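> A predicted structure for the sequence below; I have some questions about it.
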Amino acid sequence: MQKILLLEDDISLIDGLTYSLKKNGYEIIVARSVKEAGALLAGRGSEFDLLLFDVTLPDGNGFYLCERLRAEGNETPIIFLTASDEEINVVRGLDCGGDDYITKPFKLGELCSRIRALLRRSAGYRAEEGILRSGSLIVNLTEGRVMLDGEPVDCTGAEYRLLCLFLANRGKVLPRSLILDKLWDGAGNFVDDNTLSVYVRRLREKLEQDPSSPEHLKTVRGLGYQWE
C-alpha cells in the first residue's frame, strides 16, 4: 500500500480526501501544520511515496516546506493543493520543486488520477541519477551499492542483477522464463530454475522484514515474481 502525507488544515477537506484516498487503496497520514509535517518527514520521510501540500497554512506555506525538502535531497513527488490558479502561484510551486498542482475546489476523481499518473512516473527508477528506488531501498547503479534504511546490504553479483531487474520493473509480473533469460552468474553461465529460487529466497532474507511473508518480492503463482 502506497503511503501519502497530506498537509492540510481544512478539517472538512481532510475528511473528504482521507476517505476518498483510502478507498482508492492509499495509506494516508495527516499533518495540519508545516511544523507537524516537518517533524513527520524528518523521522519518516523515506516512508512516503507522495506528498500532498496545501499552500496556505497557519504557520507557513507548502512552498517553503517543499524548498526545504529539495535542499535536503528529498525527491518524494509533491502535488500542491492551491486556492489560486494564477500563473505566479503555479510558477512558484513548480520552481520550488513541486511536481504538479491542482486548484481548489477540485474533483476527487481528478486528484486521484493526478496521483496515479505521478506515482507511475516516479515508480522507482530515476535513470538520470543512476538510481533505482523503492521506499527506503536504494540501488546506486553508478557505485553498485545497495542501501536499506540507510544501511548497506551485501549482495552477490547475481543477487544484485536480479534486484535491479525487479526494481526497474516495479509493479510488473516478471515470468521466470524472462528472468532466466536475463540473469547469468559471474562466470557468464546461465542460471537454472532451482538457482533462481535460491536467489529469490536470499534477497527476501536480506530485504524483507518477514521473508516467509514478503511484502515486496511476491510470488505470482504459475507466472513468476513481482516487486510491489
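The structure has been received and is ready for your questions.
> For the rest of this, base every contact and every neighbour count on C-alpha atoms.
Fine.
> Show me where the chain dips below the pLDDT cut-off.
Scanning the chain for pLDDT under 70 picks out 1, 43-46, 84-87, 121-129, 184-191.
> would you list every one of the helices in the chain?
With DSSP state H as the criterion, the chain has helices at 11-23, 34-44, 62-71, 87-95, 108-121, 157-168, 176-182, 193-207.
> now for the ones you listed, which one comes closest to residue 53?
Taking C-alpha to C-alpha, helix 62-71 is the member of these nearest to residue 53, at 5.5 Å.
> Now do the buried residues in that closest one.
Buried positions in helix 62-71, judged by neighbour count with 16 or more other C-alpha atoms under 10 Å: 62-63, 65-67, 69.
> Please apply the same query to stretch 216-228.
Within stretch 216-228, the residues scored as buried using 16+ other C-alpha under 10 Å are 216-218, 225-228.
> State the distance from the closest residue to residue 100 other than its chain neighbours to residue 54.
Spatial nearest neighbour of residue 100, chain neighbours left out: residue 79 (4.7 Å); criterion: C-alpha to C-alpha, 6 or more residues apart in numbering. Shown here: residue 79 relative to residue 54, a distance of 9 Å by C-alpha to C-alpha, to the nearest Å.
> Which residue comes closest to residue 196 once chain neighbours are left out?
Nearest to residue 196 is residue 180, by C-alpha to C-alpha, 6+ apart, at 7.4 Å.
> Any idea how many residues pack against that neighbour?
16 (other C-alpha atoms under 10 Å).
> ok, now the one 3 residues further on?
Applying the criterion other C-alpha under 10 Å, we find 20 residues in the vicinity of residue 183.
> shouldn't it be in contact with residue 160?
No: judged on C-alpha atoms under 8 Å, residue 183 makes no contact with residue 160 at a distance of 10.2 Å.
> follow-up on the earlier one: of the helices of the chain, which is nearest residue 141?
Here helix 157-168 is closest among the helices of the chain (C-alpha to C-alpha), at 8.5 Å.
> So for the chain, the centremost residue is which one?
Centroid-nearest residue in the chain: residue 49, 3.8 Å away (criterion: C-alpha atoms, centre = their mean).
> any idea how far the nearest residue to that residue once chain neighbours are set aside lies from residue 183?
Of all residues not flanking residue 49 in the chain, residue 3 sits nearest, at 5.4 Å (C-alpha to C-alpha, 6+ apart). Distance from residue 3 to residue 183, counting by C-alpha to C-alpha: 32 Å.
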